[in-house]
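Pasted the sequence and its predicted model underneath.
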Amino acid sequence: MGFLHPSYLVAALVALVPLVIHLLHRQRVIVIEFPSLEFLRRLMRRKTRRFQLRQLLLLILRILIMLFLALALARPTLTGTRVVHGHLPTTAVIILDNSLSMMRERDGEELFEIAKRKALELLDYFDASDEVYVTLTGGKPVTGGTYRLEDLKREVANLRCSKIAGDMATAIGEALDKLRASSLAAKEIYIISDMQKGDWGGLEAVPERATDLPQDLRVMIVDLGDESPNACVKAINLRLPVGESSMQMEVTFQQFGRANPGGRVAEVYLRDRLLDRGVFSPGEVGSETRTFEIPSLNGPVWGEVAIAEDHLPVDDRRYFAYSSPRRRIAVVGDSYYIKMALAPRGEGRFNVAEIEPGAINDETLAGIDALVISNVARFAPLEIEALTSYLESGGGIVMFLGDATDVGAYNRKLLPLLGDLSIEAARVGGGGFYTIDKVAWDHPIFSKFKRGESPFVGVNFYSFLKIVPGQARVLAWFSDGSPALVEPRQGILIFASSADGLWNDLVATGQFVPILHEALGYVSSQVSLRTSYLLGEEISLRAPRASGEVVLDGPTGEIRQFPEAVGQMQRYRIKVGGEPGIYFLKTQDETLAVFALNVDVRESDFTKVESGLVRSAFDGAQIGFFSDKDDLAEGISLLRQGRDLLKYILWIVLALVVAESLIAANLAGLLRRSQISDALEHS
Amino acid sequence: MRATEDYRKYLDPAVISRLKSIDIKARLVVEGFVSGLHRGPYKGFSVEFAEHRQYMPGDPIRYIDWKVYGKTDRFYIKEYEEETNLRAYVILDASASMGYKSDGITKLEYGCYLAASLTYLMLKQQDSVGLLTFDTKPRRYIPPRSVRHHLHVILKELAHLEAAQETDLGLCLRELAQRVKRRGLIILISDLLDDETRVIRGLKLFRHRKHEVIVFHVLDPYEINFPFEHEVILRDLETREEVPAVPWEIAGEYRRRVADWIDRYRSVLRQSNVDYVPLSTSTSFDVALFSYLEKRQRLG
């Protein structure tokens, strides 16, 4: 048992008052000489004993009432720790939620500022004997245990809220690691957060990490959150329809939490000029997707979609960018049907080039986003080298096998380069035909097809080479169960049949164009077409070699970049956690790439995580939940000392008072009856 | 009327206790008592002539010796040496319990005043009076005499009497019964705080020997009513034993027991033709004196 206010225990001395009164009263009991006790002796022995017993009982009750009142003042707490009171050297980790959702305002103040104030308040409860760490959900630990508290407070005071999504699970994991490494007796975790559900994703993994929780771990959670409504621009999806030159931009607006129904104005800006305006009405809760047309423009294109600002303005604006809508595709081998499918009139979303078999090298592959290999017999060693460096730089490949495929050469030279798979020598087929009825619907290349009906419906396959997938993922199966389409690794797709009309009638069906587009769109997106990223995400950009200094120009200014050479190309690894907006990778003379950085809209949903999930993450530890209105000092004391017993003590006091009153009333009644009978006798 | 009123106040124990001399107390009590009577008690007892004395206003005219008046032309009264026919023994309990007083006078003081008053009254009536004081055993015995100066002997004894020792009333009554051969009036003044059976047996012994017995049972008002309000420790005056008492718990039962005790004495003693007069120290003396006179008149 511990006490929140142990100094009040001195009040227990008041319990001596009834005892003193009792003793004084005993001293005051006068001795009276009486002629004879003959009539009294037996009478008194019985009655006086009962009276004295009652008196003793009253005395005990009164002492107990005083003791329990003093106890109530001292606020006893029940705890499993060995510490009764005082302060043990403590290792504490304060996890400060600096995720995007903490940027929202409440009563004119940013939630993160309130969180900082709470953190500073918490730091006041530690001294030089403690090890205190402050960890951010979107960052690394701020300081170590030997750090001076004053410096730590200064750093906390200077913290700014990040605009990235929080990762509470990781922060808790780090905190537990810190506590395990500490040799100090007491171990505490303080979490100051809006408890936003998105930040706590992956929390299920914490218990595994926390199976060996430090003994007597105490966790105090200061919940600053509320589930207020919020609207955001959730997603922007750029599409280049087949055969069209203009882009279609699908914008999804999302309303989280219950809000007033009614439309909200959305504006689309292109290159800083208002392009379009519309009203979206997602209802009280829900989302709405609207499509905007973006004209074909040369060079880098960027813009933003904005809605009226609410109390979290940062997610009311979403940026988009693309450097070139036309992806550069090279085809080697049987290219007729493929070229027809990709650029029937020499235009469209793909810019198609043809490479002669044996002519694959760094030069022919330079600037190519995706390479289509169709029924090529084999590859020369130099071609294998060029392909190796092409793949390393992020290039994608879509491969069709066929009657010309030299299975042995493929198995020896090419396939090891692509992944862990092989091809059986014997061709399958000759009798009837096969169909593809089963596909991996969760794969992106099938995402735009009507679910439930095979994208290959109506296509008959007469021959194919049997692929032994090994570690490769099978994305489609022939009707005999053989793999029809495999993905050895991301960005590489291999069809087991051909695209020349000999082994199947795929090229003659309507399925060929969309399948090929989706496949190439998928493999080429690994390279450069993806132009929208999340803040804090690592971006890998491939660009032609540039002469001169390359800088990243964004909302916060220019940052010099140092690329690594990959073949004929250069790769830039960029990680920006500052401001959302449009970023240009450029030299003094030209723009190499443009991309948009946006906030993670998981942070826009202020729904709170279930407390049960949080409790399960710290199963076995003492855990206390507090709001920002609660007294932190008391909260800490409660956490350190355990369960507050005040109400139980007060109940006991009440019971004692009732018992005392009943017994005292009984005595008073006796006295009164005695006096009444006296009066009657005298009358 | 004024004189009557003035004397009657001396029947109040509280008033009489303020006087110094016990003989004055006795005289005033009796005067107070007598002044309340319609007729004087002095008649028909004396037979033997003793001397003449000059008539004084207030003397009954019927006692004037007319022969002497005829010879000397002066009024003389004939005085007689009375040959008394009553021997009274006042037995006064002087045990420690008689020393108790709650307010006013002790039971022993009350007993002394009563004994003195009775002695005065009886000597006035030419009866012979003796005194026995006792506690655990007879303390002092003064044989009965009817001469006037005997009053001073008894009053002197009463004046110096102090309460002490325990009581053994049964023993004393037995001893006195042995000692008193001639029939007479036994007047017992006591709180009777002794073994009830032995006391009654002793009193019955007197009756067996043809004595007339009158018992003045003197108790303090507190002994009867037990009016204590606060928790007290009671100490036995005789044994010094102490017992804590919670009055409001036991008062009712105590009063009932005391009343039963008095009723038992009254009932048993009535059956034995013993006059029993319960008195409290606040009771006016005329109650006791009337009781005596009634008894005396019955004796003829």
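Everything's here; your move. Numbers count the residues shown, from 1 in each chain, chains lettered A, B, ... in the order given.

Count the neighbours of A:R180 for me.
By the measure other CB atoms under 10 Å in any protein chain shown, the count of residues near A:R180 is 14. C-beta: built from backbone N, CA, C; applies to glycine.

What does the pLDDT read for it?
In the prediction, the pLDDT value recorded for A:R180 is 84.

name the helices or strands packed onto the helix or strand containing it?
Assessed by DSSP states H and E, A:R180 sits inside helix A:168-181. Identification of packing neighbours for helix A:168-181 by 3 or more CB pairs under 8 Å, 6 or more residues apart in numbering or on different chains; DSSP states H and E yields strand A:90-96, strand A:131-136, strand A:186-193, helix A:206-209.

so which of these comes closest to chain B?
When the helices and strands packed on helix A:168-181 are compared by CB to the nearest CB, strand A:186-193 sits nearest chain B, at 54.9 Å.

That closest one pairs with which strands, and in what direction?
According to DSSP bridges, strand A:186-193 forms sheet pairs with strand A:90-96 (parallel), strand A:217-223 (parallel).

now the angle from the first one to helix A:168-181?
Put plainly, it is strand A:90-96. Put simply, strand A:90-96 runs at 170 degrees to helix A:168-181, going by axes from the mean of the first three to the mean of the last three CA atoms, to 10 degrees.

Give me the next element, helix or strand, following strand A:90-96.
According to DSSP H and E, the helix or strand after strand A:90-96 is strand A:105-106.

For that next one, give me every contacting residue.
When contacts are defined by CB atoms under 8 Å, 6 or more residues apart in numbering or on different chains, strand A:105-106 is touched by residues A:111, A:114, A:226, A:311-312.

Let me have these in JSON lines, extended by distance to chain B and secondary structure.
Listed next are the contacts of strand A:105-106 as JSON lines, based on distance: CB to the nearest CB, whole Å; DSSP: H, G, I helix; E, B strand; the rest coil:
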{"residue": "A:L111", "distance to chain B": "68", "secondary structure": "helix"}
{"residue": "A:I114", "distance to chain B": "64", "secondary structure": "helix"}
{"residue": "A:D226", "distance to chain B": "65", "secondary structure": "coil"}
{"residue": "A:H311", "distance to chain B": "74", "secondary structure": "coil"}
{"residue": "A:L312", "distance to chain B": "76", "secondary structure": "coil"}
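
returning to that earlier point: any chance of the helices and strands packed on helix A:168-181 in CSV, plus mean pLDDT and mean neighbour count?
Shown next, in CSV, are the helices and strands packed on helix A:168-181 (pLDDT from 0 to 100; neighbours: other CB atoms under 10 Å in any protein chain shown):
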stretch, mean pLDDT, mean neighbour count
strand A:90-96, 89, 25
strand A:131-136, 88, 22
strand A:186-193, 90, 26
helix A:206-209, 55, 16
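
Of all those, which one is nearest B:E157?
Nearest of the helices and strands packed on helix A:168-181 to B:E157, taken as CB to CB: strand A:186-193 at 92.9 Å.

CA atoms of the helix or strand A:D151 falls within as PDB?
Assessed by DSSP H and E, A:D151 sits inside helix A:149-157. Taking C-alpha atoms only, helix A:149-157 is exported to PDB below (Å, rounded to 0.1, in the frame of the first residue of the first chain):
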ATOM      1  CA  LEU A 149      16.600  17.200 -17.700                       C
ATOM      2  CA  GLU A 150      16.800  21.000 -18.400                       C
ATOM      3  CA  ASP A 151      18.300  20.400 -21.800                       C
ATOM      4  CA  LEU A 152      15.700  17.700 -22.500                       C
ATOM      5  CA  LYS A 153      13.000  20.100 -21.600                       C
ATOM      6  CA  ARG A 154      14.400  22.700 -23.900                       C
ATOM      7  CA  GLU A 155      14.500  20.200 -26.700                       C
ATOM      8  CA  VAL A 156      10.900  19.200 -26.100                       C
ATOM      9  CA  ALA A 157       9.800  22.800 -26.000                       C
END
